[in-house]
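Student: The amino acid sequence is not available; the structure is as follows:
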Ligand SMILES: O=C(O)CCC(=O)C(=O)O
Ligand SMILES: [Fe+2]
């Protein structure tokens, strides 16, 4: 399959894609995927065996690469259709000499989203997300102190849902702390790291339409216009990360 990702990953100057006017560091790469690649990945997601899906109230997901856990992840090989992209993204040099080993597939129909949360400490603090099928708006909120402390991420084994910690119930509503947003177009790659990874919550509001406003930090990189209203359709995201501690062997995850 032809891919512009070859051009992008060999000697890419990520600085060209930096989202300015936000804290360090976000990169937004429009058209990272060709339309053919997007269609192929969407098909692969749909072809996954039914039991691979976990249905939540506001989205459904597939977990690939093993179940992340604070004690470590029993790594499983990624299927080749995901390994190709994990390797390409690995070549961007975002994970040191490592290649991401974990992929979370989230599917949102129009009107679905994800609560503001921080991604837990089981992951290397860089998130890379491929966006398929529809745009969405990813919102960032400033954190309260206890939301970023290591203990705020204490997690029990069950699955990745518990690794991504929702915000605790606080007097201050997240909407008061909305800092900025990103418009994520289909076929784009977004990279979130450093202070934005640790110091902000991220979430997707459960709405069917997004009105493009001055909070969209990557607006010039998206071709969207202020005041434009974009109708959401079904979006699939592939969140490609590196689980830091891995084991090839089973360990007793139920022991505390
Ligand atoms: O769908 C997205 O882009 C966000 C997913 C996310 O935040 C997560 O899985 O931790
Ligand atoms: Fe997340």
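Tutor: Structure's in. What do you need? In this text, all values refer to a predicted model and were calculated from it rather than measured experimentally. Ligands and ions are numbered 1, 2, ... in the order given.
Student: alpha carbons only for contacts and neighbour counts from here, please
Tutor: Will do.
Student: What is the longest helix of this protein by residue count?
Tutor: Looking across the chain with DSSP state H, the single longest helix is helix 35-47.
Student: So what sits opposite the residue in the chain positioned nearest to ligand 1 in the bridge?
Tutor: Relative to ligand 1, the nearest point of the chain is residue 237 (4.9 Å; C-alpha to the nearest ligand atom). When assigned by DSSP bridges, residue 237 has beta-bridge partners residue 106, residue 131.
Student: Report the contact partners of it.
Tutor: The contact partners of residue 237, taken as C-alpha atoms under 8 Å, 6 or more residues apart in numbering, are 104, 105, 106, 107, 129, 130, 131, 132.
Student: and the longest helix of the chain, what other elements does it pack with?
Tutor: Of the remaining helices and strands, none touches helix 35-47 by 3 or more C-alpha pairs under 8 Å, 6 or more residues apart in numbering; DSSP states H and E.
Student: what comes up buried for that helix?
Tutor: For helix 35-47, the neighbour count (16 or more other C-alpha atoms under 10 Å) marks 37, 38, 41, 42, 45 as buried.
Student: The last one: what's its closest spatial neighbour, skipping adjacent residues?
Tutor: Read it as residue 45. Once flanking residues are discounted, residue 45 sits nearest to residue 105: 7.9 Å by C-alpha to C-alpha, 6 or more residues apart in numbering.
Student: Quick check: which ranges of the stretch 101-250 of the chain have low pLDDT?
Tutor: The stretch 101-250 of the chain contains residues with pLDDT under 70 at 145-174, 248-250.
Student: can you pull out the strands in it?
Tutor: 102-108, 114-119, 126-132, 136-142, 164-166, 178-184, 189-193, 200-204, 209-211, 229-231, 235-241, 246-247 (DSSP state E, counting those that start in this stretch).
Student: quick one on the thing from earlier: out of the contacts of residue 237, which are close to ligand 1?
Tutor: When C-alpha under 6 Å from any ligand atom is applied, the members of the contacts of residue 237 adjacent to ligand 1 are residue 106.
Student: Show me how to select, in PyMOL, the buried members of the contacts of residue 237.
Tutor: With 16+ other C-alpha under 10 Å as the criterion, this PyMOL line picks the buried residues out of the contacts of residue 237:
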select buried, resi 104+105+106+107+129+130+131+132
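Student: need the contacts of residue 237 in JSON lines with distance to residue 177, can you?
Tutor: As requested, the contacts of residue 237 are arranged in JSON lines below (distance: C-alpha to C-alpha, whole Å):
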{"residue": "104", "distance to residue 177": "27"}
{"residue": "105", "distance to residue 177": "27"}
{"residue": "106", "distance to residue 177": "25"}
{"residue": "107", "distance to residue 177": "26"}
{"residue": "129", "distance to residue 177": "23"}
{"residue": "130", "distance to residue 177": "26"}
{"residue": "131", "distance to residue 177": "25"}
{"residue": "132", "distance to residue 177": "28"}
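Student: Identify, from the contacts of residue 237, the entry nearest to residue 115.
Tutor: residue 106 (13.0 Å; C-alpha to C-alpha).
Student: tell me the contacts of the closest one?
Tutor: Residues in contact with residue 106 (C-alpha under 8 Å, 6+ apart) are 59, 60, 61, 62, 236, 237, 238, 239.
Student: Give me the angle between the longest helix of the chain and strand 126-132.
Tutor: If you take axes from the mean of the first three to the mean of the last three C-alpha atoms, to 10 degrees, helix 35-47 sits at 100 degrees to strand 126-132.
Student: For the following helix or strand past helix 35-47, name the packing helices and strands.
Tutor: Sequence-wise, the next helix or strand downstream of helix 35-47 (DSSP states H and E) is strand 53-55. When contacts are defined as 3+ C-alpha pairs under 8 Å, 6+ apart, strand 53-55 packs onto strand 60-64.
Student: hmm, try it at 10 Å
Tutor: On a contact count with 3 or more C-alpha pairs under 10 Å, 6 or more residues apart in numbering; DSSP states H and E, strand 53-55 meets strand 60-64, strand 102-108.
Student: for the ones you listed, which one sits closest to residue 232?
Tutor: Among the helices and strands packed on strand 53-55, the nearest to residue 232 by C-alpha to C-alpha is strand 102-108 (9.5 Å).
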